[in-house]
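# build me a structure from this.
(one chain, ligands or ions: 1)
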Amino acid sequence: MKVLVTGATGFTGKALVRRLIDDGHRVVALDYKEGYKTDEIRGWGAEVVIGSVTDRAIVDSCMDSVEVVQHLAAAFREMNVPDSYYDEVNVGGTRTVLEAAHAHGVRKLIYCSTCGVHGNVENPPADEDAPIKPADYYQRTKYQAEPIVAEFTSRGLNTTTVRPAAIYGPGDPERFFLIFKRVARGWFPMYGNGKTLYHPVYIDNLVDALVLAMDDNRGNGRAFLIADEEYVEIEDLVKRVARAMNREVRIPHFPVLPLVAAGHVCEKLWRPFGVAPPIFPRRVDWYRQNRAFNIDRARRELGYQPKVGLDDGLRRTYEWYRREGFVA
Ligand SMILES: NC(=O)c1ccc[n+]([C@@H]2O[C@H](COP(=O)([O-])OP(=O)(O)OC[C@H]3O[C@@H](n4cnc5c(N)ncnc54)[C@H](OP(=O)(O)O)[C@@H]3O)[C@@H](O)[C@H]2O)c1
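Model prediction:
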């Protein structure tokens, strides 16, 4: 099968491209910038196109004989851009990819949304019918694209929307790395009571779900939360990272409200300089927003079963950080 992956050099994109090629598919990889990662996936056999998902001509140029589109590209952690940039890429770009896929007779499109569309989960665990209340502009724009996907479903394009929980695993130099880095120092400041719920998804488990969704007899016109078997309190997560690293960690507690205020101030102060502030509201939300999900729909309708458990996933991730020299 020929598959177009947008955002193909991102954390998830690269893992998906690897799996698709290993499974014998041909892959067209669309991504924004040339770099060592584009060379890497070319080396695996992917055909790489450089350009933006907002550029219809570029997107059209990727669609020749494509049967399935995996739309993963997103503005995600860009700090030095106006909020409208998130609209352009996450909403406008998704519409462009859908229009091109529809026009070229693509068999199926998988849209990678986020569990963040549910915001802070008040009655955990949340399922797909839980209230939609995105908490920031990134999450809002990810959700705004979902009805556009539905519009194209009603126009005859097979689609599935996937809402991943917090993705982690080998290949991710950013998100979970902060936890590993602090644990490596032996001291992890915990803002708030540490009982906030957090639901990870190991990268290979997510890739399993994305591959299952390519089947046009599964999950058409449906949205699926994709997460690991288990969700945990964040203090427990830190302790389990420490166990995976075979380290001792102290976890002193501090009030969270001053950090919330500091997050907002830092974001405003840093923005004109075009660099990421040390703390910003989305990062602070980690201490405050419950993320815990029910994945029964994905089990039932996609045949999804998370194979890698949390402790195993954390160990594999630590091994990767060590091998790559991120932590000792
Ligand atoms: N990470 C998580 O915990 C998480 C959780 C839920 C949902 N998601 C969603 O899952 C998907 C993959 O996430 P990820 O963590 O793998 O993200 P990522 O590492 O940031 O990858 C996103 C990719 O999209 C590319 N991209 C950005 N703007 C583009 C544009 N205009 N045109 C073409 N490519 C563009 C980026 O390219 P450059 O790097 O060159 O800018 C990057 O390669 C995203 O849709 C994200 O919203 C992520």
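# show me the contacts for the closest residue to the ligand within the chain.
Nearest to the ligand, among the residues of the chain, is G10, at 2.0 Å (CB to the nearest ligand atom). Glycine gets a C-beta too; all of them are placed from N, C-alpha and C. G10 sits next to D31, L72, A73, F76 when contact means CB atoms under 8 Å, 6 or more residues apart in numbering.
# scan the residues you listed and report the most crowded one.
Counting neighbours by other CB atoms under 10 Å, the top entry in the contacts of G10 is D31, with 27 neighbours.
# so that one bridges to which residues?
I50 (DSSP bridges).
# ok now do it, which residues does it touch?
T6, G7, A8, T9, G10, G13, K37, T38, V48, V49, I50, A73.
# return the subset of those lying in helices.
By the criterion of DSSP state H, membership of those in helices covers G13, K37, T38.
# touching, Q139 and S113? I think so.
No. When contacts are counted by CB atoms under 8 Å, Q139 is not listed as touching S113 (9.3 Å).
# please report phi then psi for the closest residue to R282 other than its chain neighbours.
Nearest residue to R282, sequence neighbours excluded (CB to CB, 6 or more residues apart in numbering): D136, at 5.7 Å. Dihedral pair for D136: phi -150, psi 180, per degrees, to the nearest 10.
# show me the contacts for D136.
Contacts of D136 by CB under 8 Å, 6+ apart are G116, P281, R282, D285.
# could those residues go into a markdown table alongside neighbour count and secondary structure?
Putting these into a markdown table (neighbours: other CB atoms under 10 Å; DSSP: H, G, I helix; E, B strand; the rest coil) gives the following:
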| residue | neighbour count | secondary structure |
| --- | --- | --- |
| G116 | 24 | helix |
| P281 | 17 | helix |
| R282 | 18 | helix |
| D285 | 19 | helix |
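# K195: which of these is nearest?
Taking CB to CB as the measure, K195 lies nearest D285 of these, at 15.0 Å.
# what does the pLDDT read for the closest one?
On the pLDDT scale, D285 is placed at 87.
# same thing with R323?
On pLDDT, R323 comes in at 95.
# okay, now it: neighbour count?
Burial of R323 is recorded as 9 neighbouring residues (other CB under 10 Å).
# what do you get for R315?
Neighbour count of R315, defined by other CB under 10 Å: 17.
# for P255, same thing?
Applying other CB under 10 Å, we find 9 other residues in the vicinity of P255.
# and the spatially closest residue to it that is not a sequence neighbour, what are its bridge partners?
Closest residue in space to P255, ignoring its immediate chain neighbours: Y191 at 7.0 Å, by CB to CB, 6+ apart. Beta bridges link Y191 to F254, judged by DSSP bridges.
# contacts only, for Y191.
For Y191, the contact set (CB under 8 Å, 6+ apart) comprises H253, F254, P255, V256, L259, V284, Y287.
# try 7 Å
Neighbouring residues of Y191 by CB atoms under 7 Å, 6 or more residues apart in numbering: F254, V256, L259, Y287.
# what about the helices in the stretch 201-328 of the chain?
Taking DSSP state H, counting those that start in this stretch as the test, the helices found in the stretch 201-328 of the chain are 203-212, 234-245, 257-270, 281-284, 296-297, 310-323.
# could I get those as a markdown table with distance to the ligand?
Compiled in a markdown table, the helices of the stretch 201-328 of the chain are given as follows (distance: least, CB to the nearest ligand atom, whole Å):
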| stretch | distance to the ligand |
| --- | --- |
| helix 203-212 | 8 |
| helix 234-245 | 14 |
| helix 257-270 | 18 |
| helix 281-284 | 11 |
| helix 296-297 | 17 |
| helix 310-323 | 13 |
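# output those helices as JSON lines; include the columns distance to N120.
Compiled in JSON lines, the helices of the stretch 201-328 of the chain are given as follows (distance: least, CB to CB, whole Å):
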{"stretch": "helix 203-212", "distance to N120": "22"}
{"stretch": "helix 234-245", "distance to N120": "14"}
{"stretch": "helix 257-270", "distance to N120": "13"}
{"stretch": "helix 281-284", "distance to N120": "12"}
{"stretch": "helix 296-297", "distance to N120": "21"}
{"stretch": "helix 310-323", "distance to N120": "22"}
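# most tightly packed of those helices?
Most buried of the helices of the stretch 201-328 of the chain, by mean neighbour count (mean count of other CB atoms under 10 Å): helix 203-212, with a mean of 23.
# how about the CA coordinates for that helix, as CSV?
In CSV, the C-alpha atoms belonging to helix 203-212 read as follows (Å, rounded to 0.1, in the frame of the first residue of the first chain):
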residue,chain,number,x,y,z
ILE,A,203,4.9,5.1,21.1
ASP,A,204,4.7,1.5,19.8
ASN,A,205,1.2,1.2,21.3
LEU,A,206,0.1,4.3,19.5
VAL,A,207,1.7,3.2,16.2
ASP,A,208,-0.3,-0.1,16.6
ALA,A,209,-3.5,1.9,16.8
LEU,A,210,-2.6,4.1,13.8
VAL,A,211,-1.9,1.0,11.7
LEU,A,212,-5.2,-0.7,12.8
